[in-house]
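Trainee: Sequence and predicted structure below; questions after.
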Amino acid sequence: MAAQSKIKAGELIEPGDGDAVELAKRHLVQPWPYAGSVGNEARALIDAGDGIYITDGSGKRLIDGPAGMWCINVGHRREELAKVMYDQAMALSYNTPWYTMNAPSAELARRIADAAPGDLSHTFFTTGGSSAVETALRFMQFYNNVRGRPEKKLILSRGGAYHGSTYLSASLNGRPRDRDWMDGAGELVVKLSSPDPFRRPKGMSVAAFTDFLVDQFRDTVARVGADRIGAFVGEPVQASGGVIVPPDGYLKRIREICRENDILYVSDEVVTGFGRLGHVFASGDVFGIDPDMITFAKGVTSGYFPLGGVIISERLLEELRRSNHPDALFGHGLTYTSHPIGCAVALKNLDLLEEGVLAHAREIAPYFQAQLKTLEELPLVGEVRGVGLMACVECVADRESKDPLQLDKDVGKRIDAHCHELGLLVRPLINMCVMSPPLIISREQVDDMVAILREGISRTMDDLRKEGAWRG
């Protein structure tokens with residue numbers, strides 16, 4: 001008989017006490033592990049959360065800078081969401097979506113349709129962002145098969161993109177480290193340049209860079225053939241790529257090329273949806289586009305329950321209903337599609353967003369961005385960029401070359417370690433620090449966050465100078 005853990009619910013676990021840390025090293029495989037430590041690794045233990053704060057395994061209280069993983073939008077420890085989970089579980093904990101349905105999923109689909117741009121009117125619910133993107137791509141394949149275009153299946157994606165961890169969704173990812181040791185459906189994907197103005201060619205204006213991106217897209221469609229391209233998948237803001245905010249007008253121009261060439265435009269709002277930019281969806285309200293599909297997850301339940309989905313254009317569904325193949329089966333589904341607890345939580349989360357959290361996010365976002373922008377005074381910082389309540393601090397060896405490679409590759413982790421000691425959790429991405437706090441953050445808490453980040457970067461600069469790794 002296996003030994004039982006001594007851990008009790010709510011108990012504070014001290015690192016190295018033989019419980020959570022040792023159990024993780026013996027039995028838990030963490031996401032994105034390195035081969036040298038896979039299955040033998042314990043990461044920072046988080047014991048509790050409250051509002052914008054979390055408490056680690058040593059009892060230290062930290063500002064949750066990444067909001068979990070872009071997702072704790074209404075904050076930790078919301079009793080309203082916990083109560084909904086309990087009430088729905090006591091009423092109906094699960095039903096099979098193959099031949100039954102539940103009321104919360106139908107109501108949530110209606111609420112989402114009301115908030116979505118254009119004619120996006122129907123939602124297929126999934127378990128998260130990866131499965132949402134996978135569903136959108138499988139729907140594109142099914143759609144073109146039914147319409148008699150089996151060759152129209154290629155997918156356009158971009159450098160710097162992140163779209164998931166399933167086989168097909170991960171194939172779209174545009175960061176080298178995502179693909180170095182992993183297989184993918186590379187034959188189905190055509191990669192384009194990242195719309196990163198900070199990395200545009202030296203001497204090129206932002207307007208000229210935008211023209212370059214649009215011309216590249218148009219030329220790629222002409223070269224590959226519109227009759228072979230089924231979809232373009234793009235984040236309105238490339239999140240895990242370093243909060244890449246595209247140039248003004250770029251997304252609208254790409255949308256028009258897709259429309260002209262009958263290429264489905266899939267807007268990946270797994271991060272930007274449900275408040276991160278101050279609106280339920282950013283595609284229409286922030287960027288003025290009406291995609292053929294929108295994928296979402298994360299903020300839809302503020303991370304309290306795994307849920308995602310893809311919203312589909314009424315036009316596409318009507319074309320399928322009018323086709324000559326009424327018996328064609330979209331053979332795709334998940335055990336937890338339209339999960340009643342997840343949908344009930346999402347409904348209450350949407351209430352909280354619409355009853356004040358969205359308005360607060362829109363009001364505080366300019367202050368959040370302006371305060372973070374002051375970090376550009378530090379010589380290690382090449383750029384601070386962002387929109388809404390998501391931002392990135394990118395560190396460079398020097399501002400002239402914008403070269404991150406001469407720096408210690410773990411500079412982001414170094415900054416995070418100092419910030420952790422000072423009371424802030426940061427999301428480090430090689431030479432970058434990403435900030436996306438809960439949407440309920442106050443001005444005073446923004447000030448605290450920026451002050452800690454400034455000190456963490458300053459201490460890292462001192463470390464690098466002492467080691468001779470940087471001369472700034």
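Mentor: Right, received. Where do you want to start? Residues are numbered from 1 along each chain as shown.

Trainee: Please name every helix or strand in contact with the longest helix along the chain.
Mentor: The residue-count maximum for a helix in the chain (DSSP state H) belongs to helix 443-467. Judged by 3 or more C-beta pairs under 8 Å, 6 or more residues apart in numbering; DSSP states H and E, the packing partners of helix 443-467 are strand 61-64, helix 358-373, strand 390-395, helix 411-422, strand 424-425, strand 432-435. Every C-beta, even on glycine, is put in place using the N, C-alpha and C of the backbone.

Trainee: if you set the cut-off to 10 Å instead, what comes out?
Mentor: Helix 443-467 makes packing contacts with strand 61-64, helix 358-373, strand 381-387, strand 390-395, helix 411-422, strand 424-425, strand 432-435 when contacts are defined by 3 or more C-beta pairs under 10 Å, 6 or more residues apart in numbering; DSSP states H and E.

Trainee: for the lowest-mean-pLDDT helix or strand in the chain, which positions count as buried?
Mentor: Lowest on mean pLDDT, DSSP states H and E among the helices and strands of the chain sits helix 176-179, with a mean of 75. Within helix 176-179, the residues that count as buried by 16 or more other C-beta atoms under 10 Å are Asp178.

Trainee: Okay, now the sheet partners of the helix or strand just after that helix, with direction.
Mentor: Using DSSP states H and E, the helix or strand that directly follows helix 176-179 along the chain is strand 189-192. In the sheet, strand 189-192 lines up against strand 154-158 (parallel) (DSSP bridges).

Trainee: Show the subsequent helix or strand relative to the strand it pairs with.
Mentor: Taking DSSP H and E, what comes next after strand 154-158 is helix 167-170.

Trainee: Provide the contact partners of the least confident helix or strand of the chain at residue level.
Mentor: If you take C-beta atoms under 10 Å, 6 or more residues apart in numbering as the criterion, helix 176-179 is touched by 32, 159, 161-163, 165, 170-173, 184, 186, 240, 429-430.

Trainee: Compare those residues and tell me which is most surrounded.
Mentor: With neighbours taken as other C-beta atoms under 10 Å, the top of the contacts of helix 176-179 is His163, carrying 31 neighbours.

Trainee: how near is that one to Arg228?
Mentor: Plainly put, His163 is 20 Å away from Arg228 if you go by C-beta to C-beta, to the nearest Å.

Trainee: same deal with Asn73?
Mentor: Applying C-beta to C-beta to Asn73 and Arg228 gives a distance of 39 Å.

Trainee: Which one's more surrounded, these two?
Mentor: For Asn73 and Arg228, the more surrounded residue by other C-beta under 10 Å is Asn73, and the numbers stand at 29 against 13.

Trainee: Tell me which residue lies nearest the centroid of the protein.
Mentor: Val271 (3.4 Å; C-alpha atoms, centre = their mean).

Trainee: which residues does that one contact?
Mentor: Val271 makes contact with 69-71, 129, 162, 235-240, 243, 277, 282, 296-299, 390, 436, according to C-beta under 10 Å, 6+ apart.

Trainee: is it true that it lies in a strand?
Mentor: No. Val271 is assigned coil when assessed by DSSP: H, G, I helix; E, B strand; the rest coil, not a strand.

Trainee: from memory Val221 sits against Val190, does it?
Mentor: Yes. Taking contacts as C-beta atoms under 10 Å, Val221 lies within contact range of Val190: 9.4 Å.

Trainee: Report the set of residues contacting both of the two.
Mentor: Common neighbours of Val221 and Val190, counting by C-beta under 10 Å, 6+ apart, are Leu156, Arg228, Ile229, Phe232.

Trainee: Which residue lies closest in space to the first one, excluding its sequence neighbours?
Mentor: Think Leu156. Nearest-residue entry for Leu156: Phe232, 4.2 Å, with adjacent residues in sequence omitted and distances by C-beta to C-beta, 6 or more residues apart in numbering.

Trainee: Between strand 154-158 and whichever strand or helix holds the one you found, find me the angle.
Mentor: Using DSSP H and E, Phe232 falls within strand 229-234. Strand 229-234 runs at 20 degrees relative to strand 154-158, counting by axes from the mean of the first three to the mean of the last three C-alpha atoms, to 10 degrees.

Trainee: what packs against the following helix or strand past strand 229-234?
Mentor: Counting by DSSP H and E, the next helix or strand C-terminal to strand 229-234 is helix 250-260. On a contact count with 3+ C-beta pairs under 10 Å, 6+ apart, helix 250-260 meets strand 154-158, helix 206-224, strand 229-234, strand 264-268.

Trainee: now the ones you listed in a markdown table, with distance to Ser401 and mean neighbour count?
Mentor: Shown next, in a markdown table, are the helices and strands packed on helix 250-260 (distance: least, C-beta to C-beta, whole Å; neighbours: other C-beta atoms under 10 Å):
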| stretch | distance to Ser401 | mean neighbour count |
| --- | --- | --- |
| strand 154-158 | 24 | 24 |
| helix 206-224 | 18 | 15 |
| strand 229-234 | 28 | 25 |
| strand 264-268 | 31 | 28 |
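
Trainee: mind checking which of these is nearest Ser105?
Mentor: Ranking these by proximity to Ser105 (C-beta to C-beta) places strand 264-268 first, at 21.7 Å.

Trainee: quick one on the thing from earlier: so which of the helices and strands packed on helix 443-467 is nearest Pro197?
Mentor: Per C-beta to C-beta, nearest to Pro197 of the helices and strands packed on helix 443-467: strand 381-387, 8.3 Å.

Trainee: and that closest one, which strands flank it?
Mentor: For strand 381-387, pairing defined by DSSP bridges yields strand 390-395 (antiparallel).

Trainee: quick check, distance from the partner strand to the centre of its chain.
Mentor: Relative to the chain's own centre, strand 390-395 is displaced by 15 Å; criterion: C-alpha atoms, centre = their mean, to the nearest Å.

Trainee: Could you do stretch 109-127 as well?
Mentor: 19 Å.

Trainee: Buried ones in it, by neighbour count?
Mentor: Going by neighbour count (16+ other C-beta under 10 Å), the buried part of stretch 109-127 is 109, 111-112, 115-127.

Trainee: Then stretch 429-447?
Mentor: Neighbour-count burial for stretch 429-447 flags 429-441, 445-446 (criterion: 16+ other C-beta under 10 Å).

Trainee: returning to that earlier point: of the buried residues of stretch 109-127, which belong to strands?
Mentor: Using DSSP state E, the subset of those located in strands is Leu120, Ser121, His122, Thr123, Phe124, Phe125, Thr126.

Trainee: Need the max-distance pair from those residues.
Mentor: Taking C-beta to C-beta as the measure, these span a maximum distance of 17.6 Å, between Ser121 and Thr126.

Trainee: From Asp87, how far off is the residue nearest to Val381 when sequence neighbours are not counted?
Mentor: Nearest non-adjacent residue to Val381, counting by C-beta to C-beta, 6+ apart: Leu375, 5.2 Å away. According to C-beta to C-beta, Leu375 and Asp87 sit 44 Å apart.
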